[in-house]
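> following is a predicted model, sequence given first.
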Amino acid sequence: MDVPHALYIECPSCKEETLHRVIKGSLSEKKEIVLDALVKCSKCGHRHPSIIRTERPVVVPVIVSEQEKSQKNELELPSQENVNIGNEFQLGRGMIKITAIETKFGRVDSAIGKDVTTLWAKKFDRLKLKISINKGGKTLTRTIWAVPDEEFFIGDVMRIKGLNFTIHRIKTQDKIIKKGSVPARNIVRLYGKPIR
């Protein structure tokens, strides 16, 4: 672990939490991580010593699913911060989204890092979106891949396997959207109508 270049801490002169540049400092890592540094407030320029103590992060096993395959990995978590179902984390080169949290008390929706025994997650850098297209008396189902932040708008025209259609509804976990847009990360299903 390296000494950080900057920190958000309270300035004794401004009496506000501001960005401080680390002029010099040292880290010690035993039971906890201790940063002993000389810092400079970016707001008022006041220089002052600062000692910051944090608990060591914990490393927990995480089972990551990608389509039909699962792989075991490890994830470093802050020991005193909450982890919730739905949280997103960087793992290697990709993103994952937490789908289940196991503690010694069983499965929970939220826990602090040091209480987590195992996490379950799904790969989240590409999402498989389901599409239902109502064509006359039958419904055609299709799938597409999207990145989590890609926006889908009501009225968007799309083409899949030679079929042109417009999005007329978007289902999320909470409701059906009939106007506006939704990022792919929140979409359960897209509904379309064929067009010429």
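That came in fine, so what should we check first?
> skip the chain neighbours and tell me the closest residue to the residue nearest to the spatial centre of the chain.
Most central in the chain under CA atoms, centre = their mean is residue 88, positioned 2.1 Å from the mean C-alpha point. Excluding the flanking residues, the one nearest residue 88 by CB to CB, 6 or more residues apart in numbering is residue 97, at 5.2 Å. The way it works is simple: take the backbone N, C-alpha and C, and place the C-beta from them, glycine included.
> so what's that neighbour up against?
Contact partners of residue 97, counting by CB atoms under 8 Å, 6 or more residues apart in numbering, are 86-88, 121-122, 124, 185.
> residue 11 contacts residue 19, correct?
No - in this structure residue 11 lies outside contact range of residue 19 using CB atoms under 8 Å: 9.6 Å.
> mind checking the longest strand of the protein?
Looking across the chain with DSSP state E, the single longest strand is strand 17-29.
> okay, buried residues for it please.
By neighbour count on 16 or more other CB atoms under 10 Å, the buried set for strand 17-29 is 18, 20, 22, 25.
> can you list the low-confidence ranges for this protein?
Within the chain, the ranges that satisfy pLDDT under 70 run 1.
> 80 instead?
1-2, 30-31, 67, 196 (pLDDT under 80).
> domain parsing for it?
Recorded structural domains for the chain (assignment: automatic domain parsing) are 6-55, 58-123, 127-194.
> for the last one, measure first residue to last.
For domain 127-194, the separation between the terminal residues is 23 Å (CA to CA, to the nearest Å).
> now stretch 163-181
For stretch 163-181, the first-to-last residue distance is 22 Å (CA to CA).
> what residues sit buried inside it?
With burial defined by 16+ other CB under 10 Å, the residues of stretch 163-181 counted as buried are 165, 167-171, 177.
> equivalent analysis for stretch 76-90, please.
Within stretch 76-90, the residues scored as buried using 16+ other CB under 10 Å are 77, 79, 83, 85, 89.
> for the second one, grab phi and psi.
In this entry, residue 79 is assigned phi and psi values of phi -70, psi -30 (degrees, to the nearest 10).
> residues in contact with it?
Here residue 79 is in contact with 55-58, 112-114 (criterion: CB under 8 Å, 6+ apart).
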